[in-house]
Structures are given as C-alpha cells and as structure tokens.
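1. Whatever this is, show me its structure:
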Amino acid sequence: MSNYKTMLTQQEIIDQTATHVQALLSGEGSGHDWWHILRVWNNAKTIAATEKADLFIVELAALLHDIGDHKFHNGDETIGPRMATEWLTQLKVEDNIIATIVAIIKELSFKGAGTTSDMSSLEGCIVQDADRLDAIGAIGIARTFAYGGHKNREIYNPHISPELHNSFEAYKSSTAPTINHFYEKLLLLKDRMHTKTARALAEQRHKFMEVYLEQFYAEWEGKL
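-> Got it, this is the predicted structure:
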C-alpha cells in the first residue's frame with residue numbers, strides 16, 4: 001500500500017471504517033445491509049488482486065459506497081458523499097484520497113438502461129464491478145425481492161411491461177413490479193462490467209438469473 005501520512009495506519013482506518021459501517025447498517029432489511037457491504041468489500045478485494053489499483057482506496061470506497069444511499073433519503077444523492085467525507089475527515093485521511101473516494105460514491109449508482117455510469121478511476125471501476133456482482137446471481141435475486149417487498153411492489157404483473165429508462169430521474173421514480181427490474185437493470189449488468197475478473201464472475205451469475213426467470217414463468221403459467 002502507498003504511504004499516506006495519517007495519524008492512523010491504513011489498516012486501522014479500514015478496520016475503524018468497517019466497524020462504523022457495520023454499526024450503521026446492521027439489521028437493515030431491504031438488501032442494502034452490512035452483509036451487502038461485506039460481500040462488496042470481498043468482491044472488490046478479489047477483483048483488485050488482478051489489477052494495478054490502490055487497495056486502500058478500493059477498500060474504503062467499497063465499505064462506504066452505501067453509507068447514505070439516495071434510495072433511503074428521498075432521492076438525495078448528496079447524503080452519501082457528505083457522510084463519507086465527514087467520516088474520512090474525522091480519521092484525518094488526506095484530502096486527495098477523500099476526493100477520489102467521494103467521486104467513486106457519486107459515480108457508482110446504476111442510473112437507468114439508457115444512461116451511462118462512467119467511472120473516473122480504476123478503483124471506481126473495481127468497486128462498481130464489485131457492487132454490480134452483488135446485484136446479480138442468487139444473492140442478487142434475493143436482494144431484488146427483499147427491496148421490492150420493502151417498497152411494497154408487486155412481484156409480477158404481466159400487464160406492466162419493463163421500461164428502459166433514459167434518465168436517472170425516471171429510473172429512481174419507477175414503481176414497477178420486481179420482475180421488471182431484471183430487464184431494467186440486472187440482466188444488463190454482465191455486459192457493463194469493467195474488469196476481466198468481474199466479467200468472468202458475472203457469467204455464471206447471469207446464467208442463473210436466466211434459468212430462474214424460465215422457472216418463474218413456467219410456474220406462473222401452471223406448466224410446472
């Protein structure tokens with residue numbers, strides 16, 4: 001790791017951040033809880049192992065990426081970056097490192113099928129890949145229905161078609177059934193991974209979702 005001049009060691013900063021985030025998010029029931037953070041953190045470290053990235057930035061951004069998710073703050077996209085800045089400033093992390101981490105948090109979110117989510121750093125690409133891996137596959141399916149239930153959404157309504165949103169505002173304001181989310185986001189993520197490692201991991205998870213949907217529709221129509 002690089003030698004950042006802080007009163008705490010890098011490992012102490014990471015450990016304290018993990019403890020802080022765990023305290024904030026433990027017990028959350030929509031699929032955006034501490035265990036999601038832990039999985040993204042682990043995914044990010046796995047991906048970073050094959051990339052020439054700053055692991056200190058990757059780990060902190062992974063830990064803090066959902067510290068103030070706009071979905072739970074009336075769509076306010078400024079809360080997460082602000083909370084991360086306040087926390088890292090308290091730990092006396094250098095300003096340029098804070099700026100990079102905050103940029104990652106601002107850029108990370110999926111913003112709709114018809115929009116782009118460009119990352120301005122390699123570290124950001126890694127954390128976005130790690131977060132998107134946790135949105136697909138078996139765990140992604142579980143999280144999708146947990147969030148749908150949290151928002152009181154229908155599981156499926158054959159009369160409501162998926163919509164490929166062309167703006168973040170349209171995507172954020174959607175109240176569509178949960179199954180639509182597979183087509184509006186989840187099935188699109190495999191081809192939007194940045195790193196070779198994430199693309200390889202996404203393949204199997206993507207196939208699992210396709211099999212799941214086949215089973216879902218067969219059961220829905222009474223064929224199985």
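2. Quick check: pLDDT value at the closest residue to residue 100 other than its chain neighbours.
-> With sequence-adjacent residues excluded and distances taken as Cβ to Cβ, 6 or more residues apart in numbering, residue 100 is closest to residue 57, at 5.6 Å. Heads up, the C-betas are built off the backbone N, CA and C, glycines and all. Listed pLDDT for residue 57 reads 98.
3. correct me, but residue 57 touches residue 97?
-> Yes - with contacts defined as Cβ atoms under 8 Å, residue 57 counts as touching residue 97 at a distance of 6.4 Å.
4. Compare neighbour counts for those two and give me the winner.
-> Neighbours were counted for residue 57 and for residue 97 using other Cβ atoms under 10 Å; residue 57 has more, 25 against 19.
5. That one in helix, strand or coil?
-> State at residue 57, reduced to three classes by DSSP: H, G, I helix; E, B strand; the rest coil: helix.
6. how much space between it and residue 132?
-> Computed with Cβ to Cβ, to the nearest Å, the distance linking residue 57 and residue 132 is 18 Å.
7. what do you get for residue 165?
-> If you measure residue 165 against residue 132 using Cβ to Cβ, the figure is 17 Å.
8. any idea where the helices of the protein begin and end?
-> Counting by DSSP state H, the chain has helices at residues 10-25, 34-48, 55-64, 79-90, 95-107, 122-133, 137-150, 168-173, 178-184, 196-220.
9. Lowest average confidence across the ones you listed, which one?
-> Least confident of the helices of the chain, judged by mean pLDDT, is helix 168-173 with a mean of 78.
10. Spatially central residue for this structure, please.
-> Centre of the chain computed as the mean C-alpha position; nearest residue by Cα atoms, centre = their mean is residue 131, 3.4 Å away.
11. Can you tell me the closest non-neighbouring residue to that one?
-> residue 40 (5.1 Å).
12. got a list of what that neighbour touches?
-> Contacts here follow Cβ atoms under 8 Å, 6 or more residues apart in numbering; on that basis residue 40 touches 62, 65, 127, 130, 131, 133, 134.
13. now residue 133
-> Residues counted as contacts of residue 133 (Cβ under 8 Å, 6+ apart) are 40, 43, 193, 198, 201, 202, 205.
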